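S.K.: whatever this is, show me its structure:
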Amino acid sequence: MARSARQPEGAGRGRATPGMSGAARADAEPAALVRDAAALGVGLDATAVARLLQLLDELQHWNRAYNLTALTGRRAMVTHHLLDSLSAAPLLAGTRVADVGTGAGFPGLPLAVACPGRHFTLIDSNGKKIRFVAHAVRALGLKNVTAVHQRAEQHGGPYECVIARAYAALPELLASVQGLCGPATRVIAMKGRLPAAEIAALPQGWRLLDARRVEVPGLAAERHLLTIARTG
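M.R.: Alright, predicted model coming up:
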């Protein structure tokens, strides 16, 4: 499944205070996650925070054997996987959301933790990564997630919202997800720099509803969220 480059800038950077013990860093991590998510407009309760940090524990454990992500530093995973994923939460629409090309479950798993009233279908053609997603769903006790080992083009819809992070250029993305979209579906494309050329090349039948820049705490790189819908 095609995925465009969205490189993990600053991947090895952490924000631990010099001399801080491992226990102190562990105690600070939940509070920092709550604070940084709030800066993105996302409120997290204690259960959500525990699940999100457990998700990283599972990812780090599996990553040693299965190479699910190039990121290995804990703080980089918080920033690039958890917070980057949560940045899209305020734009979600409806109750049925499809995450196409989810990889190891991003952005779908963090969004499912933060938005328990919505159901998320996480779709990817990579069997190794979808096996991890299914494991994480069980480990975290998530009742609102379905993991699907399939190409997006083969999966049926419609969904009220389709989201994709670093999947493909917009024309290719929309071609892949058109079978998942009804007349009122919102497609959210998570991008790095604003892709002006891709926006100009939107295929007939689609229109850009919104393009906004988001500041992800701790991430020294551009992030844009594009909302696209069918015309008419």
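S.K.: all strands for this protein, in order.
M.R.: With DSSP state E, the ranges of strands along the chain come out as 96-100, 119-124, 145-149, 159-165, 181-191, 206-213, 224-230.
S.K.: now the second one: average pLDDT?
M.R.: Yep, that's strand 119-124 we're talking about. Mean pLDDT, computed over strand 119-124, is 98.
S.K.: what does the third one give?
M.R.: When pLDDT is averaged over strand 145-149, the result is 98.
S.K.: partners of that strand in the sheet?
M.R.: Under the criterion DSSP bridges, strand 145-149 sits next to strand 119-124 (parallel) in its sheet.
S.K.: tell me what angle the partner strand forms with strand 159-165.
M.R.: Inter-element angle recorded for strand 119-124 and strand 159-165: 40 degrees (by axes from the mean of the first three to the mean of the last three C-alpha atoms, to 10 degrees).
S.K.: what's the angle from strand 119-124 to strand 96-100?
M.R.: Using the same axes, to 10 degrees, strand 119-124 lies at 20 degrees relative to strand 96-100.
S.K.: just how off-centre is strand 119-124 within its chain?
M.R.: 11 Å (C-alpha atoms, centre = their mean, to the nearest Å).
S.K.: that strand: which residues count as buried?
M.R.: Within strand 119-124, the residues that qualify as buried by neighbour count (16 or more other C-beta atoms under 10 Å) are 119-124. No exception for glycine: its C-beta is placed from N, CA and C like everyone else's.
S.K.: stretch 32-44 now?
M.R.: Residues 32-34, 36-37, 40, 42, 44 are the ones in stretch 32-44 that count as buried (16+ other C-beta under 10 Å).
S.K.: re earlier: out of the buried residues of strand 119-124, who's nearest residue 112?
M.R.: Nearest to residue 112 out of these is residue 120 (C-beta to C-beta; 4.4 Å).
S.K.: ranges for the helices of this structure?
M.R.: Assignment of helices within the chain using DSSP state H yields the ranges 22-39, 46-66, 74-77, 84-86, 108-114, 127-140, 170-177, 196-200.
S.K.: need these in JSON lines (columns: mean pLDDT and distance to residue 218).
M.R.: Output for these, formatted as JSON lines (pLDDT from 0 to 100; distance: least, C-beta to C-beta, whole Å):
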{"stretch": "helix 22-39", "mean pLDDT": "84", "distance to residue 218": "7"}
{"stretch": "helix 46-66", "mean pLDDT": "97", "distance to residue 218": "14"}
{"stretch": "helix 74-77", "mean pLDDT": "94", "distance to residue 218": "7"}
{"stretch": "helix 84-86", "mean pLDDT": "98", "distance to residue 218": "10"}
{"stretch": "helix 108-114", "mean pLDDT": "98", "distance to residue 218": "15"}
{"stretch": "helix 127-140", "mean pLDDT": "98", "distance to residue 218": "23"}
{"stretch": "helix 170-177", "mean pLDDT": "97", "distance to residue 218": "27"}
{"stretch": "helix 196-200", "mean pLDDT": "97", "distance to residue 218": "26"}
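S.K.: and residue 187, which of these is closest to it?
M.R.: Among the helices of the chain, the nearest to residue 187 by C-beta to C-beta is helix 170-177 (6.3 Å).
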